[in-house]
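Q: Here is a sequence together with a model predicted from it:
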Amino acid sequence: MPPTSDPLNLLVIDDEASLRRTLRTALESMGHRVTEAANEAQALDALKQQRFDLIFLDLRLGKENGLDVLPKLVRVAPGLHVVIITAHASLDTAIEALRKGAFDYLPKPFTPNQIRVVLDRSSLVRGLRNRVAALEEQVGLLSPEVELDSDEPAVKKLLKVAFQVAPTDATVLLRGESGTGKGVLARAMHARSKRAARPLVTVHCPSLSAELLESDLFGHVKGAFTGAVQDKTGKVETADGGTLFLDEIGDLPLALQPKLLRLIQDKSYERVGEPSPRIADVRIMAATNRELEAEVRAGRFREDLFYRLNVIEIALPPLRNRLRDLLPLAQQLVGFFARQTGKPVTGFAPEAEAAMKSYAWPGNVRELRNAVERGVILTPDAVIGLEHLPGQLTTATSSHVELGGPVTLEQLEVEHIQRVMASAPSLDEAARILGIDPSTLYRKRKRTSQPPKETS
């Protein structure tokens, strides 16, 4: 029999020596390497000595039950494919074997071609898994890893809470301005959870219409609407066993909010066009840059959904309130982009550092990342100068006033209003932060935008 494409290292566990030899002969004729074991102890000993690609496990091992041995094999070698073989096939035992972690189920008597199909499918799945791992590594090289460390006491405190909550299944609401790292923290919490081996699936709530978002979230069946030419798996089903991250939850259409509430409360949902409910075991994390309390008062967000989401609230501060972290973060990004571009850039000129510390960073860490990438690309030297940073940083340096310095109250007010307006999502929100009416802010805004009067 001709060998399959890639030789595999296989373990055959069967208490009958004649059956082990028969299966070994078939497998070796396909070009594979085979080790034999007659019972659980021999199998576990073999797993300690070498790595296997796949195991054939007999359901009956004398006095031992293969279904009892199966979880021990999976525990010793996570991700290893185990194929149950038995002459006493039944639907119940097949389901039980798959539930306990078996890759496949092969009833006796089986043919060499059936064995080949199982091996080829195992090789395909392992190849896809390796490709996913390689792609994840490539993505990591394209995006800088942000160290979840801080010199700011407030950030240290919130990270401590986040990592205490991470191993639980508690619903988490991450709040903060755009670009503060809510998605980064969600990924870090998922990686520290008991669901880390399962996917973290992100849903961008503002990206689609209500109808398309429902299909994206819950899936649909063929014919559910015009253009639904085949069944579609939703992101809830894809995240089963893992984490569902709802980015910008404040933009979730009102019509979908009861369906999300049902998912959180009952772990139940329905695909579009399918009346029968489905169950999904997902952990919910959500993020928003909106004041959800104000959205509730305005009738745009359900109060009961807000309370269900807000079990654990973690508020990420804006970068302008993390001045101790600013330069270390920037230096970390310099290292990443220097490696990516192959340029020997090591840091910043003093005037560039001063500009960065003076700037309000309305785009937060995301804006910092873009500024540093630009600086690394444009500088011909080992350091990034002020002229290599975006123009708004130069403006911030020239107009910066220092609290307690030789400046007038009017200058302080102008600087404060400009910084608040740069970071607030709207004029109404800026007026609320400043404690003034929007009409008053409008007048002050016109005044602060005028050039200063010349003095004789």
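A: Perfect, I can see it now. Small disclaimer: the values here were computed from a predicted structure and weren't measured.

Q: okay, CA-based contacts and neighbour counts for the rest of this
A: Noted.

Q: which element is the most centrally placed residue in the chain on?
A: The centroid of the chain falls nearest to residue 187 when counting by Cα atoms, centre = their mean (4.0 Å). Take DSSP states H and E as the rule and residue 187 turns out to sit in helix 182-191.

Q: for residue 84, same thing?
A: strand 81-86.

Q: Within the sheet, what are the partner strands of that strand, with directions?
A: According to DSSP bridges, strand 81-86 has the following sheet partners: strand 54-58 (parallel), strand 104-107 (parallel).

Q: what's in contact with that strand?
A: 53-60, 66, 70, 97, 101-108, 122 (Cα atoms under 8 Å, 6 or more residues apart in numbering).

Q: Quick one, which of the residues you listed are buried?
A: 53-60, 66, 70, 97, 101-106, 122 (16 or more other Cα atoms under 10 Å).

Q: Name the helix or strand for the nearest residue to residue 369 once chain neighbours are set aside, please.
A: What sits nearest to residue 369 in space, not counting adjacent residues and going by Cα to Cα, 6 or more residues apart in numbering, is residue 333, at 6.7 Å. Residue 333 belongs to helix 323-341 when assigned by DSSP H and E.

Q: State the mean pLDDT of that helix.
A: The average of the pLDDT scores along helix 323-341 is 92.

Q: For that helix, name the packing helices and strands.
A: Contacts defined by 3 or more Cα pairs under 8 Å, 6 or more residues apart in numbering; DSSP states H and E place helix 323-341 against helix 350-358, helix 364-378.

Q: Worst mean pLDDT among those helices?
A: Looking at these, the lowest mean pLDDT belongs to helix 350-358 (a mean of 89).

Q: Next, the angle helix 364-378 makes with that helix.
A: Interaxial angle, helix 350-358 versus helix 364-378 (axes from the mean of the first three to the mean of the last three Cα atoms, to 10 degrees): 160 degrees.

Q: can you put the strands paired with strand 81-86 in TSV and add mean pLDDT?
A: Formatted as TSV, the strands paired with strand 81-86 follow (pLDDT from 0 to 100):
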stretch	mean pLDDT
strand 54-58	91
strand 104-107	86
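
Q: List just the one of those strands that sits closest to residue 150.
A: strand 54-58 (44.7 Å; Cα to Cα).

Q: Point out where the stretch 1-150 of the chain drops to low pLDDT.
A: Scanning the stretch 1-150 of the chain for pLDDT under 70 picks out 1-6, 78, 89, 130-147.

Q: Strands along that one, start to end?
A: Secondary structure of the stretch 1-150 of the chain, counting by DSSP state E, counting those that start in this stretch: strands at 9-13, 33-37, 54-58, 60-61, 64-65, 81-86, 104-107.

Q: can you dump the C-alpha coordinates of the longest one into PDB?
A: Listed in PDB are the C-alpha atoms of strand 81-86, where the atom choice follows Å, rounded to 0.1, in the frame of the first residue of the first chain:
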ATOM      1  CA  HIS A  81      -5.900  13.200  18.400                       C
ATOM      2  CA  VAL A  82      -7.400  10.000  19.800                       C
ATOM      3  CA  VAL A  83      -9.500   7.600  17.600                       C
ATOM      4  CA  ILE A  84     -11.700   5.100  19.500                       C
ATOM      5  CA  ILE A  85     -11.900   1.700  17.900                       C
ATOM      6  CA  THR A  86     -14.400  -0.900  18.900                       C
END
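
Q: ok, now how distant is the closest residue to residue 301 other than its chain neighbours from residue 438?
A: Nearest residue to residue 301 in three dimensions, chain neighbours excluded: residue 295, at 5.4 Å (Cα to Cα, 6+ apart). Here the criterion is Cα to Cα, to the nearest Å. By it, residue 295 lies 19 Å from residue 438.

Q: now swap in residue 257 and tell me
A: 31 Å.

Q: Kindly report the same for residue 182.
A: Taken as Cα to Cα, the span from residue 182 to residue 438 is 29 Å.

Q: what about those two, which has more around it?
A: residue 182 (24 against 16; other Cα atoms under 10 Å).

Q: Surely the more buried one and residue 287 touch.
A: Yes - using Cα atoms under 8 Å, residue 182 is in contact with residue 287, at 6.5 Å.

Q: Overlap of the contact sets of these two?
A: Common neighbours of residue 182 and residue 287 (criterion: Cα under 8 Å, 6+ apart): 174, 175, 176.

Q: Return the subset of those residues lying in strands.
A: With strands taken from DSSP state E, the overlap with the shared contacts of residue 182 and residue 287 comprises 174, 175.

Q: Who wins on neighbours among the shared contacts of residue 182 and residue 287?
A: residue 174 leads the shared contacts of residue 182 and residue 287 on contacts (other Cα under 10 Å) with 25 neighbours.

Q: wait, that residue sits on residue 315?
A: Yes - the pair residue 174 / residue 315 is scored as a contact, 5.9 Å apart, by Cα under 8 Å.

Q: Would you mind measuring from residue 12 to residue 363?
A: Using Cα to Cα, residue 12 is found at 58 Å from residue 363.

Q: cool, and residue 410?
A: Distance from residue 410 to residue 363, by Cα to Cα: 26 Å.

Q: Pick out whichever of those two has more residues nearby.
A: Set side by side, residue 410 and residue 363 show more neighbours around residue 363, with 19 against 10, by other Cα under 10 Å.

Q: Near residue 48, how many residues? Count them for me, please.
A: 10.

Q: SS state for residue 203?
A: strand (DSSP: H, G, I helix; E, B strand; the rest coil).

Q: what's the nearest residue to it if we skip its chain neighbours?
A: Closest to residue 203 by Cα to Cα, 6+ apart is residue 246, at 5.0 Å.

Q: A strand includes the one you found, no?
A: Yes - judged by three-state DSSP, residue 246 forms part of a strand.

Q: give me the number of residues near it?
A: The burial count for residue 246: 21, using other Cα under 10 Å.

Q: Next up, the contacts around it.
A: 202, 203, 204, 205, 284, 285, 286, 287.

Q: quick one, what contacts the second one?
A: Pointing back at residue 203 there. Residue 203 touches 217, 235, 244, 245, 246, 247, counting by Cα under 8 Å, 6+ apart.

Q: Write a PyMOL command that selects only the buried members of those.
A: To isolate in PyMOL the members of the contacts of residue 203 that are buried, counting by 16+ other Cα under 10 Å, one can use:
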select buried, resi 217+235+244+245+246+247
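
Q: Nearest to residue 116 among the contacts of residue 203?
A: residue 235 (33.4 Å).

Q: What are the boundaries of the helices in the stretch 151-300 of the chain?
A: Assignment of helices within the stretch 151-300 of the chain using DSSP state H, counting those that start in this stretch yields the ranges 153-165, 182-191, 210-218, 235-238, 257-266, 292-297.
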